[in-house]
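A.B. asks: Quick one, fold the following:
(4 chains)
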Number of protein chains: 2
Amino acid sequence: MDKKRRLDKDTRRERMAAMLHHDPGKTDRDLAEAFGVSVATVRLDRKMLGIPQMRNRLEAAVQNTAGESLHDLEIISLEQGREGLALVRTTDEMTDAAGIVPASKLYGMAAELVQTMMNRSFSPTQVGNIKYKQPCGSGVQLVVKAKVAHRHGSKQYVYVQITTRDTELFRAKFIMNILNEDEGDTDGKNSG
Amino acid sequence: MDKKRRLDKDTRRERMAAMLHHDPGKTDRDLAEAFGVSVATVRLDRKMLGIPQMRNRLEAAVQNTAGESLHDLEIISLEQGREGLALVRTTDEMTDAAGIVPASKLYGMAAELVQTMMNRSFSPTQVGNIKYKQPCGSGVQLVVKAKVAHRHGSKQYVYVQITTRDTELFRAKFIMNILNEDEGDTDGKNSG
DNA sequence: CATAAATTATCACCTGCTGCTAATACTATA
DNA sequence: TATAGTATTAGCAGCAGGTGATAATTTATG
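C.D. replies: Now for the predicted structure:
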């Protein structure tokens, strides 16, 4: 499969950038072989593209991924304990092997917004009725909306919705116990 | 703040391992300075600890994080379309800043097992009644059990449960549409 | 053909590391 | 005190991946 049969310069650079983007651990030699050019050319290409050397790429990659928040929500508005709105742009890193963002990522985004909104790092949370309607790829601008719908006893119902510009992709209902900052609930009233 | 005032060998190595674990991008020189010893010593320490050189560490780190399946399920038994059992050991990489495994990770594990079991990469899935009862840290052996409970109309109900040795941590109900691609004989009749 | 653009080939040098060897510490103990 | 025994340190040759620069070669294109 020699799909890289002497591409023109710009195409090659595009692909090189893409390739390095999703696999930063490639040496110049690897690239040279992959594109059927010399390492010198690869170096020039990298220079032109402003792509740093492997070590730095790896470091950066590690920063991004191991740096906790895989999905960085851009909080647009936030009313503590009431509602919140955030944006995320899906990236290649978020997608699975099939190129789609797995439900757990969307769940994570939703949970993150809810956490931020509720100002609580973890509480035994129950979630109801998640719907992941459509697969979502990378490069999609997502809108994450969360809203506390109502309280019921010691529970708080939060609705989260993730949409693209015009389609609803994901929806979840979080049911959180109300814990007063220091003290939790001693009465575990969990109905099945 | 020189908190590393000549620790004894073993303590130093422990800390070194820990330090490198959560920040693989440190050179021997960095470490030498951090611990107030010579690079030679650091090298010996690394060798004794079986910790490879920085480049490899970074590559490994990138693999683990960007490498798709963050949680590698060890499938123990699997009956296609009926039930499955898998093990996972939680690691530091899975935990968030607070040191606990976020719900989305558990969700991901559950979903992964279900997908494997149902032999389907994505289908618009609905999930009901997730419960994340107890926070879970790293180094915990988890058991993930999935079971198709029943079908109803064009829907299939799958229950997933994640437990430690003796406690249930997480539970979810997946409701999947039945799309028949590779299965043989279930079409018109869906009574069950 | 002549010129410009793209590609390639070298060369010296840098960083982080390995492998090896030899020299110093620092104990602890007979 | 002397003597092991264990850390620790120093020093060197050599490797892989990369930088920077310069020169030579190929490949279009007017």
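A.B. asks: Do a quick rundown of the helices in chain A.
C.D. replies: Under the criterion DSSP state H, helices of chain A are mapped to A:9-22, A:28-35, A:39-49, A:54-66, A:103-118.
A.B. asks: can you put the ones you listed in a markdown table and add distance to B:Asp30?
C.D. replies: No exception for glycine: its C-beta is placed from N, CA and C like everyone else's. Shown next, in a markdown table, are those (distance: least, CB to CB, whole Å):
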| stretch | distance to B:Asp30 |
| --- | --- |
| helix A:9-22 | 25 |
| helix A:28-35 | 25 |
| helix A:39-49 | 26 |
| helix A:54-66 | 12 |
| helix A:103-118 | 32 |
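A.B. asks: Tell me where the longest strand sits in chain A.
C.D. replies: strand A:141-152 (DSSP state E).
A.B. asks: what does chain A have sitting close to DNA strand C?
C.D. replies: Within chain A, the positions near DNA strand C by CB under 7 Å from any atom of the strand are A:8-9, A:12, A:37-38, A:40-41, A:44.
A.B. asks: Which pair of the residues you listed spans the longest distance?
C.D. replies: Across these, no pair lies farther apart than A:Asp8 and A:Ala40, at 17.5 Å, counting by CB to CB.
A.B. asks: Which one of those two is surrounded by more residues?
C.D. replies: A:Ala40 (10 against 7; other CB atoms under 10 Å in any protein chain shown).
A.B. asks: From A:Ile51, how far out is that one?
C.D. replies: Separation of A:Ala40 from A:Ile51 (CB to CB, to the nearest Å): 15 Å.
A.B. asks: what ranges of chain A fall below the confidence cut-off?
C.D. replies: Scanning chain A for pLDDT under 70 picks out the ranges A:1-6, A:64-71, A:120-124, A:178-192.
A.B. asks: Point out the most buried one among the helices of chain A.
C.D. replies: Each of the helices of chain A was scored by mean neighbour count; the highest is helix A:103-118, a mean of 24, by mean count of other CB atoms under 10 Å in any protein chain shown.
A.B. asks: Packing partners of it?
C.D. replies: Judged by 3 or more CB pairs under 8 Å, 6 or more residues apart in numbering or on different chains; DSSP states H and E, the packing partners of helix A:103-118 are strand A:74-79, strand A:83-89, strand A:125-132, strand A:141-152, strand A:155-163, strand A:168-177, helix B:103-118.
A.B. asks: swap the cut-off to 6 Å and go again
C.D. replies: strand A:83-89, strand A:141-152, strand A:155-163, strand A:168-177, helix B:103-118 (3 or more CB pairs under 6 Å, 6 or more residues apart in numbering or on different chains; DSSP states H and E).
A.B. asks: show me the contacts for A:Val42.
C.D. replies: A:28, A:31-32 (CB atoms under 6 Å, 6 or more residues apart in numbering or on different chains).
A.B. asks: Please name the nearest non-neighbouring residue to A:Asn119.
C.D. replies: A:Gln80 (6.3 Å; CB to CB, 6 or more residues apart in numbering or on different chains).
A.B. asks: Could you measure from that neighbour over to A:Ile175?
C.D. replies: Computed as CB to CB, the A:Gln80 to A:Ile175 distance reads 19 Å.
A.B. asks: Between these two, tell me which one has more neighbours.
C.D. replies: Higher neighbour count among A:Gln80 and A:Ile175: A:Ile175, with 16 against 10, using other CB under 10 Å.
A.B. asks: That one touches A:Met118, doesn't it?
C.D. replies: No. A:Ile175 lies out of contact with A:Met118 (CB atoms under 6 Å); the separation is 11.9 Å.
A.B. asks: Run a quick neighbour tally on the nearest residue to A:Val144 once chain neighbours are set aside.
C.D. replies: With CB to CB, 6+ apart as the criterion, A:Val144 has its nearest non-adjacent residue at 4.6 Å, and that residue is A:Ala86. Using other CB under 10 Å, A:Ala86 has 24 other residues around it.
A.B. asks: What's opposite A:Ala86 in the beta bridge?
C.D. replies: A:Ile75, A:Val144 (DSSP bridges).
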